[in-house]
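Participant: The amino acid sequence is not available; the structure is as follows:
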DNA sequence: AGGATGTAAACTGTCAACAGTTGTCAATCC
DNA sequence: GGATTGACAACTGTTGACAGTTTACATCCT
């Protein structure tokens, strides 16, 4: 037993290669390192990470179920590409989920949770006063995460986070810019107020409105060719 | 190759073994053939199905992401066991999703879809008049599926169906008996009426109420020891 | 007898090799 | 010249084997 191993704790080998690989590929997809539509070669990825193809294949199976890649038999796996309609669907679904979480948290909230939520709100206000868009983006994310966690429904949280990851497939990098911090902030205040007041229905409506506004802001910001890469998904401009 | 069978056309080999295995294991779990809490041995399953361990392992990875099994490194995979609180969470989440779908369909419905929906409703009425619980159960399922499909949001449908599968993990077999067909039928009529009338908000409320009533009926029907198998999940009756 | 310890069996994690399929590209034929 | 065909290359699907870990059990000591 080599006792020179300088690991702080032995917590190293409890991780299986498959999990590591899946996490790494997911990271590459979410950061855009592997852009949507890219074809992923098992051999190449395996060689790149210094593992065999087994763990890579298993990781792919997980990513497929998560909706991040598509697998075609005997052809390979590609990073999933999301069309216009699907993007709208995802926004709507996420809105419904977030509304549900706001509602649920409003019904179950504790005083401590309210305190934490108020804190996040103040962080955002501070970022606005400092006109620090980067900080606002971060605290904004934090605010959402807080609600998602405090709603207490773990399955809903898992689904929500999965959808959020999926949405990275069409939100281009650098969307961290917030167009209208004040408007966004007002929506956050409405959500927090309803939750803290313990009014589930009001919280639900506020949460839904917030995501819908985000959706509309995003769609409005699209140049028409954004989804041109897969035009066959586009036509259904109805509804 | 004992798995693939009497396919009339050669359309069999486009299916990969992993998919077949995953489907088969999922079937065994949903039918209760592999009960919740059971430990699954890769070697045993592989031998039983006449394939090697590779496809089985890949299938497991997919089932894990779907929430049907849990995988612990170096220990194995067990059919997921759902505690009382998680069951309630799943019902609530499903209610929120179904409500969203009713709302969405009400906003997008076509005349043709309304016709189909009316047809399903009549099928259920016929089953009630005939006092055929089996037929009612079937047409009831059909009614729900129709809404889920016609809402047009494919991602929402996938999530909903995943949740529904997961709920099989705690709904014991033979729950197909419907306690109160008339009450259930009234709720269905309210949903259909709101959708056909094109009133999204009313449809949402009707759909939500329906699942909530189903949840309460289910919870009320529990003998207190139903979830005793994993008592550590029970205590958190607070919050 | 009861608990600790060491050993063996069984199983999971990983890998490398084989088999089958898809897509490409050049040679051939009309 | 253009389309068809056939072989080759690259890749995926599947398998069997090997290595490391966990678990159960028998043994030994107190």
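Facilitator: Cool, got the structure. Note that the structure is a prediction, hence the values are computed from the model and not measured.
Participant: quick check: domain ranges of chain A?
Facilitator: A:17-79, A:84-220 (automatic domain parsing).
Participant: and the longest one, how far out from the chain's middle?
Facilitator: Pointing back at domain A:84-220 there. Domain A:84-220 has its C-alpha centroid displaced from the chain centroid by 11 Å (C-alpha atoms, centre = their mean, to the nearest Å).
Participant: Let me know whether that domain sits next to chain B.
Facilitator: Yes. Using C-beta under 8 Å from any C-beta of the partner chain, domain A:84-220 reaches chain B at A:86, A:89-90, A:92-93, A:96-97, A:99-100, A:104, A:108, A:110, A:152-156, A:158-159, A:163, A:166. Every C-beta, even on glycine, is put in place using the N, C-alpha and C of the backbone.
Participant: quick one: average pLDDT of that domain?
Facilitator: For domain A:84-220, mean pLDDT is 92.
Participant: got the end-to-end distance for that domain?
Facilitator: One end of domain A:84-220 sits 12 Å from the other (C-alpha to C-alpha, to the nearest Å).
Participant: Can you show me the strands along chain A?
Facilitator: Using DSSP state E, the strands of chain A run over residues A:39-40, A:69-72, A:76-79.
Participant: among these, which is the most enclosed?
Facilitator: A comparison of the strands of chain A by mean neighbour count, using mean count of other C-beta atoms under 10 Å in any protein chain shown, puts strand A:76-79 on top with a mean of 18.
Participant: which other helices and strands contact that strand?
Facilitator: Applying 3 or more C-beta pairs under 8 Å, 6 or more residues apart in numbering or on different chains; DSSP states H and E, one finds that strand A:76-79 makes contact with strand A:39-40, strand A:69-72.
Participant: Get me the contact residues on chain A for DNA strand D.
Facilitator: When proximity is defined as C-beta under 7 Å from any atom of the strand, chain A approaches DNA strand D at A:13-14, A:40-44, A:53-54, A:57, A:71, A:73-77.
Participant: one more time with 6 Å
Facilitator: Proximity of chain A to DNA strand D is confined to A:13, A:41, A:42, A:43, A:53, A:57, A:73, A:74, A:76 under the rule C-beta under 6 Å from any atom of the strand.
Participant: residues in contact with the last one?
Facilitator: This means residue A:76. A:39, A:40, A:41, A:42 (C-beta atoms under 8 Å, 6 or more residues apart in numbering or on different chains).
Participant: Please read off the pLDDT at it from the model.
Facilitator: 93.
Participant: any idea how far the nearest residue to residue A:204 once chain neighbours are set aside lies from residue B:155?
Facilitator: Closest residue to residue A:204 apart from its sequence neighbours, by C-beta to C-beta, 6 or more residues apart in numbering or on different chains: residue A:103 at 3.7 Å. When C-beta to C-beta, to the nearest Å is the yardstick, residue A:103 and residue B:155 sit 21 Å from each other.
Participant: In terms of packing, which of the two has more residues around it?
Facilitator: residue A:103 (25 against 18; other C-beta atoms under 10 Å in any protein chain shown).
Participant: Tell me if I'm right that the more buried one and residue A:206 touch.
Facilitator: No. Judged on C-beta atoms under 8 Å, residue A:103 makes no contact with residue A:206 at a distance of 9.6 Å.
Participant: Can you report how many residues neighbour residue A:144?
Facilitator: Neighbourhood size, residue A:144 [other C-beta under 10 Å]: 20.
Participant: List the contacts of it.
Facilitator: Contact partners of residue A:144, counting by C-beta under 8 Å, 6+ apart, are residue A:98.
Participant: With residue A:82 instead?
Facilitator: By C-beta under 8 Å, 6+ apart, residue A:82 lies in contact with A:36, A:90, A:166, A:169, A:170.
Participant: could you redo the last one with a cut-off of 7 Å?
Facilitator: By C-beta atoms under 7 Å, 6 or more residues apart in numbering or on different chains, the contact set of residue A:82 is A:36, A:169, A:170.
Participant: Same check on residue A:207?
Facilitator: A:98, A:99, A:102, A:191.
Participant: ok, and the closest non-adjacent residue to it?
Facilitator: Spatial nearest neighbour of residue A:207, chain neighbours left out: residue A:102 (3.4 Å); criterion: C-beta to C-beta, 6+ apart.
Participant: Likewise for residue A:152?
Facilitator: Nearest residue to residue A:152 in three dimensions, chain neighbours excluded: residue A:108, at 5.6 Å (C-beta to C-beta, 6+ apart).
Participant: separation between that neighbour and residue B:117?
Facilitator: 35 Å.
Participant: which of those two has more neighbours?
Facilitator: Under the neighbour definition other C-beta under 10 Å, residue A:108 and residue B:117 were set side by side, and residue B:117 has more, 21 against 17.
Participant: my guess is residue A:124 meets residue A:141, correct?
Facilitator: No. Assessed by C-beta atoms under 7 Å, residue A:124 is found out of contact with residue A:141, at 10.3 Å.
Participant: more neighbours, the two?
Facilitator: residue A:124 (24 against 13).
Participant: what sits up against the longest helix seen in chain A?
Facilitator: Criterion DSSP state H: the longest helix present in chain A is helix A:84-108. With contact meaning C-beta under 7 Å, 6+ apart, helix A:84-108 is reached by A:147-148, A:150-153, A:156, A:159-160, A:163-164, A:166-167, A:170, A:191, A:194-195, A:198-200, A:203-204, A:206-208, A:211-212, A:215, A:227, A:233-234, A:236, B:96, B:100, B:153-156, B:239.
Participant: What number of residues are in the vicinity of residue A:166?
Facilitator: Around residue A:166 there are 21 other residues, counting by other C-beta under 10 Å.
Participant: quick one: the nearest residue to it once chain neighbours are set aside and DNA strand D, what's the gap?
Facilitator: Spatial nearest neighbour of residue A:166, chain neighbours left out: residue A:67 (4.9 Å); criterion: C-beta to C-beta, 6+ apart. Residue A:67 is 18 Å from DNA strand D, where distance means C-beta to the nearest atom of the strand, to the nearest Å.
Participant: Same question for residue A:92.
Facilitator: For residue A:92, the distance to DNA strand D - C-beta to the nearest atom of the strand - is 32 Å.
Participant: Please report the distance of that residue from residue B:161.
Facilitator: Taking C-beta to C-beta as the measure, residue A:92 falls 17 Å from residue B:161.
Participant: So if I had to pick from these two, which one is more boxed in?
Facilitator: Taking other C-beta under 10 Å, residue A:92 and residue B:161 do not tie; residue A:92 has more neighbours (21 against 14).
Participant: Would you mind giving the strands of chain A as JSON lines with distance to DNA strand C added?
Facilitator: Shown next, in JSON lines, are those (distance: least, C-beta to the nearest atom of the strand, whole Å):
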{"stretch": "strand A:39-40", "distance to DNA strand C": "10"}
{"stretch": "strand A:69-72", "distance to DNA strand C": "8"}
{"stretch": "strand A:76-79", "distance to DNA strand C": "9"}
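Participant: Setting aside sequence neighbours, what's the nearest residue to the residue minimising distance to the centre of chain A?
Facilitator: Taking C-alpha atoms, centre = their mean, the centroid of chain A lies closest to residue A:164, which sits 2.5 Å from it. Take residue A:164 and drop its neighbours on the chain: the residue closest to it by C-beta to C-beta, 6+ apart is residue A:94, 6.9 Å away.
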